[in-house]
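starting from these lines, generate the structure:
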Amino acid sequence: MTFEEVLIQKPAERAQCAGAALEEVLVSAKDNESLTVGVYECAKVMNLDPDSVSFCVLATDEQFEWDIALQIHFTLIQSFCFDNDISIVRVSDMQHLADIVGDKTEQLEDAHCVLITNPADGSWEDPALEKLHLFCEESRHLNDWVPEISLPER
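As a prediction, this is how the structure comes out:
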């Protein structure tokens, strides 16, 4: 999908397309061991090797909306992403995100932040990731710096 094709889509179509692309990228990144899950783990990766980070997903649920510490972490992560030109989105269903990125045998406690990283050899590329970067770029043009998207229902 080209940037021009993204521009002519209706907002609902854009969000739906981005949600499907995000799920596809997360599954692919998980298979390629290119995911970092958890606020503290993501902060460590961003601090040690910010150039390896390709995309950031922040997730919250209603029960965490008033968690001040989590909101401060989100603000710091967003600022870091903006400073390092890392595309970032929000999803409102942390449990759904945890189901996608987690292991079937264990329950993820902290799926509030997920990073998609590039392997050192640069061997992993995903067309859906390019769609997400285009979606984020278009959202920034519309002054939506951290767009919220919905993951498709399973």
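
got the phi and psi for residue 149?
Main-chain dihedrals, residue 149, degrees, to the nearest 10: phi -130, psi 160.

neighbours of it, how many?
Other residues near residue 149 come to 23 when the count uses other CB atoms under 10 Å. Yep, even glycine has a C-beta here, placed from its N, CA and C like the rest.

report the beta-bridge partners for it.
Under DSSP bridges, the beta-bridge partners of residue 149 are residue 91.

does it really touch residue 20, like I thought?
No - when contacts are counted by CB atoms under 8 Å, residue 149 is not listed as touching residue 20 (9.5 Å).

output the longest helix belonging to this protein.
Across the chain, the longest stretch assigned as helix under DSSP state H is helix 11-31.

export that helix to CSV, keeping only CA atoms.
Extracted in CSV, the C-alpha atoms of helix 11-31 (Å, rounded to 0.1, in the frame of the first residue of the first chain):
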residue,chain,number,x,y,z
PRO,A,11,-10.6,6.8,8.9
ALA,A,12,-12.5,3.6,9.9
GLU,A,13,-10.9,1.7,7.0
ARG,A,14,-7.4,3.1,8.0
ALA,A,15,-7.9,1.9,11.6
GLN,A,16,-9.2,-1.5,10.6
CYS,A,17,-6.4,-2.0,8.1
ALA,A,18,-3.8,-0.9,10.7
GLY,A,19,-5.3,-3.3,13.3
ALA,A,20,-4.9,-6.2,11.0
ALA,A,21,-1.4,-5.2,10.0
LEU,A,22,-0.4,-4.8,13.6
GLU,A,23,-1.6,-8.3,14.5
GLU,A,24,0.2,-9.7,11.4
VAL,A,25,3.4,-7.9,12.4
LEU,A,26,3.2,-9.0,16.0
VAL,A,27,2.8,-12.7,15.1
SER,A,28,5.6,-12.5,12.5
ALA,A,29,7.9,-10.7,15.0
LYS,A,30,7.1,-13.3,17.7
ASP,A,31,8.0,-16.1,15.3
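
list the contacts of it.
1, 6, 9, 35, 55, 57, 89, 91, 97, 100-101, 114, 116-117, 124, 126, 128-129, 131-132, 135, 138, 147, 149-152 (CB atoms under 8 Å, 6 or more residues apart in numbering).

got a list of what residue 111 touches?
Residue 111 is in contact with 37, 38, 59, 94, 95, 97, 98, 101, 102, counting by CB under 8 Å, 6+ apart.

contacting residues around the spatially most central residue of the chain?
The residue lying closest to the centre of the chain (CA atoms, centre = their mean) is residue 57, at 2.4 Å. Contact analysis of residue 57 by CB under 8 Å, 6+ apart lists 22, 26, 88, 89, 90, 91, 97, 113, 114, 115, 116.
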